[in-house]
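Chemist: fold the following for me, if possible:
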Amino acid sequence: MKKRLVAIMMGCMLALSAIGCGADKTADTKAESTESVSEESASEEAAADTDAENNAVEDKEPESNENEVAGAENGDAEVAGTVSTDRSGNEITVPETVERIVSMAPSTTGILIDLGLADKIVACDTNSFASYGSELKADIPQFDMMTPDQEQIIALKADIIFTSGMSASQGIDVFETVRETGVCIADIPSSASLNDIEKDITFIGQCVGEVDAAQAIADDMQRKIDELSEIGNSISEDEKKNVLFELFTPSADNPIIYTAGNGTYINEMLETIGAKNVAASEAEQWPALSEEAAVAANPDVILTADMYTPDVINTILNTTGWENVTAIKNSEVYQLSSDAVNQPNQHVMDVMLEMAKYIYPEKYENVALNGAE
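Modeler: Numbers count the residues shown, from 1 in each chain. Sure, this is the predicted structure:
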């Protein structure tokens, strides 16, 4: 039951925040709109009967994640077709010319748009359109990432289809019929680290013939990480604040707090800016904390990605039983952009700076991450 709640409750954040849907959406709809958080949760649910929960991290990020790329080390491969494995380690054959792209994950869609390839995206998942519809063609076909219409996708005659691990989280290859036609399907599992996100960006660039542009985005992301890290490293142990990151607000009906633990890029972002994640010691990547445990952790700051609870800040500030928590007493509760924090691409840097300014306003006040301070 706990795993089902994870998949349902955490899964709604991505698409619903972008399209303004409220709590009246069905649980099935919420469960479909997942990416960074719920991909692992749904995988655990599917594996529960086989007691495979402890292997979830290994399944998500295989050792072959590095990708074999011919001729790309020197940055001189400006044509597609040089990639031999995808981010899941599957062997793939990318066409030398990529003109028609299907993107089945919002994080990938965001990367493609920043590479200037919005006009080459001929179809996407519904969550991508919810987040980036204004930058895509208005009449672009949209597919459910969990149950895509394979016949319609085949009819699009795409050169490459980018998928995420979420599409296979139930143990079914929902692109099997498409795969049998020989079209290139490149899978990108939701990354657990900032470095892996950079690899996702360069991998996509290699696939679509935009090696230099993708490397520039990854390099800029690393520059921003280094800039924030320099400040974070200057924060002494005595100055470090304890932070609780909430995926959604607990309630009387569902008093569990789902958060980001060790082995997630969210935890890495918090540590990079000099904060302490109260859930960093948890064994699971996306642990479920009881309210009692969260209160006992006594966070100095609470960050929430909940985009659905009306007046969420005041709701948290007035939660019964939390009156003596430092973050509540000092009104240190802040709301983050759900899209920015849940989509593992270069835009996590926006929310990383947002976190930094909320937690240590005096340290990061003048940081803009665009070269100007």
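
Chemist: show me where the stretch 101-250 of the chain has helices.
Modeler: For the stretch 101-250 of the chain, helices defined by DSSP state H, counting those that start in this stretch occupy the ranges 106-114, 126-132, 150-155, 176-180, 194-208, 211-233.

Chemist: which outside residues touch the longest one?
Modeler: I take that to be helix 211-233. Here helix 211-233 makes contact (CB atoms under 8 Å, 6 or more residues apart in numbering) with 72, 75-78, 111, 114-116, 194, 197-199, 201-202, 204-206, 271-275, 346, 349, 352-353, 356, 360, 363-364, 367, 369. Any C-beta I mention is one placed from the backbone N, CA and C, and that applies to glycine too.

Chemist: please repeat the previous calculation with a cut-off of 7 Å.
Modeler: For helix 211-233, contacts defined as CB atoms under 7 Å, 6 or more residues apart in numbering pick out 72, 75, 77-78, 114-115, 194, 198, 201-202, 204-205, 272-274, 346, 349, 352-353, 356, 363-364, 367, 369.

Chemist: cool, the shortest one as well?
Modeler: Helix 176-180 has contacts (CB under 7 Å, 6+ apart) with 150, 153-154, 161, 185.

Chemist: now the buried members of the contacts of helix 211-233.
Modeler: Using 16 or more other CB atoms under 10 Å as the burial test, these include 72, 77, 114-115, 194, 198, 201-202, 204-205, 272-274, 346, 349, 352-353, 356, 363-364, 367, 369 as buried.

Chemist: correct me if wrong: Pro189 contacts Ser167.
Modeler: No: applying CB atoms under 7 Å, one finds Pro189 not in contact with Ser167, separated by 10.4 Å.

Chemist: got the contact list for Ile359?
Modeler: Contacts of Ile359 (CB under 7 Å, 6+ apart): 241, 243, 273, 275, 301.

Chemist: buried subset of the residues you listed?
Modeler: 241, 243, 273, 275, 301.

Chemist: flag the shaky bits of the stretch 101-250 of the chain, pLDDT-wise.
Modeler: When residues are selected by pLDDT under 70, those of the stretch 101-250 of the chain lie in 168-170.

Chemist: what segments of the chain are strands?
Modeler: Using DSSP state E, the strands found in the chain span residues 101-103, 121-125, 142-143, 160-164, 184-188, 242-246, 257-258, 276-277, 288-289, 301-304, 333-335.

Chemist: of the helices of the stretch 101-250 of the chain, which is nearest Ser84?
Modeler: Of all these, the one in closest proximity to Ser84, counting by CB to CB, is helix 194-208 (10.2 Å).

Chemist: just how off-centre is that closest one within its chain?
Modeler: Centroid separation for helix 194-208 versus its chain: 14 Å, with CA atoms, centre = their mean, to the nearest Å.

Chemist: ok, stretch 99-117 next?
Modeler: Mean-position distance between stretch 99-117 and its chain equals 15 Å (CA atoms, centre = their mean).

Chemist: just the buried residues of it, please?
Modeler: Quick answer for stretch 99-117 (16+ other CB under 10 Å): 99-115, 117.
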